[in-house]
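Engineer: this one's sequence-less:
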């Protein structure tokens, strides 16, 4: 037999849990005790029992219990039972203490004695039922529930609970009989209908399950939930065509019911009719009353299918419908922004993110995505404005400090940049990528501020977090070569950067220049020619470097020709005119 989790699952909201019943009973008993202490000695006192002593002990125990002195109260109850073992009120109260202590075996023994002494006490039976439920003793639970029905035959909860117990033990016919009895008391209800269908499906009686729901539809043809339940029964039984017919009937009854459209979308998807399925999804998403959370979950369900362009396009279309239907929902606008971003529509994504933030300014992830787009579009002023606005709400976000710091670097405001970049490195403890990027940017700042020791230290720190940070490798290598320091190290870093990111003209130029500094002119020529070939623009710096290399390889004419080109491309190198006029390389 499956554990009691099944019993709890099938019970659902239709039956009051025994724990809840017991809690209510405890509250009742406590209130009663405050009005008039239970006269325990009168319960079933045997001849010769000192009833006055028992009553005094019981009263003292109740006082200790109200003070939360459970140990003292339990000791007093135990003394009573030594005097009067059949005192049912004491058995019950001591059992409650044992339950709170999670001592269910002792609590069970005490309650079994209590119901034996006072078999007509409903609350004793309820407490015992709670114990059997916790112990997953369904057989004994059935007996208790039958007793409760005898004591209180008009209480629906007991019928529902025993039907659930029968279901857990696969006594389906007995459970159905209980529902018949309950229906005579309460009349038809959704709970009874649904639970009957579960039993019929367990028995493989799909037709009977369907017939019951058809009866409900006939009685209340505008209640769409019955159509949906019936369609689910057919669908789960592999009868897709019957499910489709039921849902089409539901669609006629309520054309604007979002759940019907979603169910139809599922059926059409199972039947491999993709266009019809998506059309039903579009109709469902256009229904304002359909829970937006369900719509959001459906769209996010497309994510694992990315980068399939069809999946991206479908998710974008659905998210657009969501934002049209739920215009003022921040999540809808944020999701629309995400889908626009996935489809490469960055400007529109930025607008959607901005609208989402306007609706709800407490969305850090949306703010970060907005700033990332602006940084990618080189909208430096917007990065600073939106980034600093984000930091006014979320000052401890390392990534946002990094973005704003990088923006100030681009503005050549290096001291301002340092402040944000230092914040990033102090706030971030785990994200090695952010740490590496932040230290790399710090290295750039310190270099521009002529603080070479701090610059080198920052670059070294960057590489400890990410030895493959190509920007750190390239920049650090280049600055070392400019200073003519540690050229072997610079060459290794530059070569590694090119291995990681081939055909990057800037990286190739750096490596060529370092090889030139090492007087490896033939190798330098190979790499500078790669740089010129991979550079889509005409670079004055790279062209001048090419001339320098050619000169040192003995090709003076080629050198002068490239120096002149560099000048035409706008080079402002201080020695370029002298190189051209004197036709020789000048440091």
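Structural biologist: Thanks, I have it. Note that this is a predicted model, so its numbers are computed, not measured.

Engineer: show the pLDDT at residue 31.
Structural biologist: For residue 31, the pLDDT comes out at 26.

Engineer: the stretch 401-550 of the chain: helices as residue ranges?
Structural biologist: 414-427, 432-448, 452-465, 470-482, 487-500, 505-517, 521-534, 540-552 (DSSP state H, counting those that start in this stretch).

Engineer: gap between the second one and the chain center?
Structural biologist: Remark: helix 432-448 is offset 32 Å from the chain centroid, using Cα atoms, centre = their mean, to the nearest Å.

Engineer: residue 372 and residue 116, how far apart?
Structural biologist: Noted for residue 372: a distance of 72 Å to residue 116, by Cβ to Cβ, to the nearest Å. In this view, the C-beta of every residue, glycine as well, is placed from N, C-alpha and C.

Engineer: compare neighbour counts for these two and give me the winner.
Structural biologist: Counted by other Cβ atoms under 10 Å, residue 372 and residue 116 do not tie: residue 372 has more neighbours, with 18 against 12.

Engineer: list the contacts of that one.
Structural biologist: Applying Cβ atoms under 8 Å, 6 or more residues apart in numbering to residue 372 gives the contacts residue 403.

Engineer: from residue 445, how far off is it?
Structural biologist: As judged by Cβ to Cβ, residue 372 and residue 445 stand 21 Å apart.

Engineer: same thing with residue 264?
Structural biologist: 59 Å.

Engineer: is residue 528 in contact with residue 509, as I believe?
Structural biologist: Yes. Applying Cβ atoms under 8 Å, one finds residue 528 in contact with residue 509, separated by 6.6 Å.

Engineer: okay, and the common contacts of the two?
Structural biologist: Shared contacts of residue 528 and residue 509, counting by Cβ under 8 Å, 6+ apart, come down to 542, 545.

Engineer: isn't residue 383 up against residue 377?
Structural biologist: No. Counting by Cβ under 8 Å, residue 383 stays clear of residue 377, with 9.2 Å between them.

Engineer: who's more crowded, those two?
Structural biologist: Counted by other Cβ under 10 Å, residue 383 and residue 377 do not tie: residue 383 has more neighbours, with 26 against 13.

Engineer: so what pLDDT did the more buried one get?
Structural biologist: 98.

Engineer: skipping adjacent residues, who's closest to it in space?
Structural biologist: In space, residue 383 comes closest to residue 407 once its chain neighbours are excluded; the distance is 4.0 Å by Cβ to Cβ, 6 or more residues apart in numbering.

Engineer: ok, now how distant is the one you found from residue 385?
Structural biologist: Counting by Cβ to Cβ, the gap from residue 407 to residue 385 is 9 Å.

Engineer: between those two, which is the more surrounded one?
Structural biologist: residue 407 (27 against 15).

Engineer: do I have it right that that one meets residue 384?
Structural biologist: Yes. Between residue 407 and residue 384 there is a contact at 4.8 Å, judged by Cβ under 8 Å.

Engineer: buried ones in the helix or strand that residue 193 is a member of, by neighbour count?
Structural biologist: Secondary structure assignment for residue 193, by DSSP states H and E: helix 190-202. Of the residues in helix 190-202, 191-197, 199-201 count as buried by neighbour count, 16 or more other Cβ atoms under 10 Å.

Engineer: mind giving me JSON lines with those residues and columns for pLDDT and distance to residue 554?
Structural biologist: JSON lines is the format used below for those (pLDDT from 0 to 100; distance: Cβ to Cβ, whole Å):
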{"residue": "191", "pLDDT": "89", "distance to residue 554": "96"}
{"residue": "192", "pLDDT": "90", "distance to residue 554": "100"}
{"residue": "193", "pLDDT": "87", "distance to residue 554": "97"}
{"residue": "194", "pLDDT": "87", "distance to residue 554": "93"}
{"residue": "195", "pLDDT": "90", "distance to residue 554": "96"}
{"residue": "196", "pLDDT": "90", "distance to residue 554": "98"}
{"residue": "197", "pLDDT": "87", "distance to residue 554": "93"}
{"residue": "199", "pLDDT": "92", "distance to residue 554": "97"}
{"residue": "200", "pLDDT": "89", "distance to residue 554": "96"}
{"residue": "201", "pLDDT": "87", "distance to residue 554": "91"}
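
Engineer: I figured residue 370 hits residue 357, correct?
Structural biologist: Yes. Applying Cβ under 8 Å, one finds residue 370 in contact with residue 357, separated by 6.9 Å.

Engineer: neighbour count: those two, which is higher?
Structural biologist: residue 370 (27 against 23).

Engineer: count the neighbours of the closest residue to that one other than its chain neighbours for me.
Structural biologist: By the measure of Cβ to Cβ, 6+ apart, the closest residue to residue 370 outside its immediate chain neighbours is residue 353, 4.1 Å from it. Neighbours of residue 353 under the rule other Cβ under 10 Å: 29.

Engineer: can you list contacts of the host helix or strand of residue 213?
Structural biologist: Using DSSP H and E, residue 213 sits in helix 206-219. By Cβ under 8 Å, 6+ apart, the surrounding residues in contact with helix 206-219 are 188, 193, 196-197, 200-201, 223, 226-227, 229-230, 233-234, 237, 239.

Engineer: distance from the chain centre to the helix holding residue 193, please.
Structural biologist: 33 Å.

Engineer: and it, what does it pack onto?
Structural biologist: Other helices and strands packing on helix 190-202, by 3 or more Cβ pairs under 8 Å, 6 or more residues apart in numbering; DSSP states H and E, are helix 156-168, helix 172-186, helix 206-219, helix 224-236.

Engineer: one more pass at 6 Å, please.
Structural biologist: On a contact count with 3 or more Cβ pairs under 6 Å, 6 or more residues apart in numbering; DSSP states H and E, helix 190-202 meets helix 172-186, helix 206-219.

Engineer: in TSV: the ones you listed, plus distance to residue 91, mean pLDDT and mean neighbour count.
Structural biologist: Converted to TSV, the helices and strands packed on helix 190-202 look like this (distance: least, Cβ to Cβ, whole Å; pLDDT from 0 to 100; neighbours: other Cβ atoms under 10 Å):
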stretch	distance to residue 91	mean pLDDT	mean neighbour count
helix 172-186	30	92	16
helix 206-219	44	91	17
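
Engineer: now render the ones you listed as TSV, adding distance to residue 519.
Structural biologist: Below are the helices and strands packed on helix 190-202 laid out as TSV (distance: least, Cβ to Cβ, whole Å):
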stretch	distance to residue 519
helix 172-186	92
helix 206-219	87
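
Engineer: for this protein, where's the lowest mean pLDDT among helices and strands?
Structural biologist: helix 4-11 (a mean of 26; mean pLDDT, DSSP states H and E).

Engineer: residue 472 touches residue 439, doesn't it?
Structural biologist: No. Counting by Cβ atoms under 6 Å, residue 472 stays clear of residue 439, with 7.7 Å between them.

Engineer: give the intersection of the neighbour lists for the two.
Structural biologist: Counting by Cβ atoms under 6 Å, 6 or more residues apart in numbering, the shared contacts of residue 472 and residue 439 are residue 462.

Engineer: look at those two and report which has more neighbours.
Structural biologist: Higher neighbour count among residue 472 and residue 439: residue 472, with 27 against 24, using other Cβ under 10 Å.
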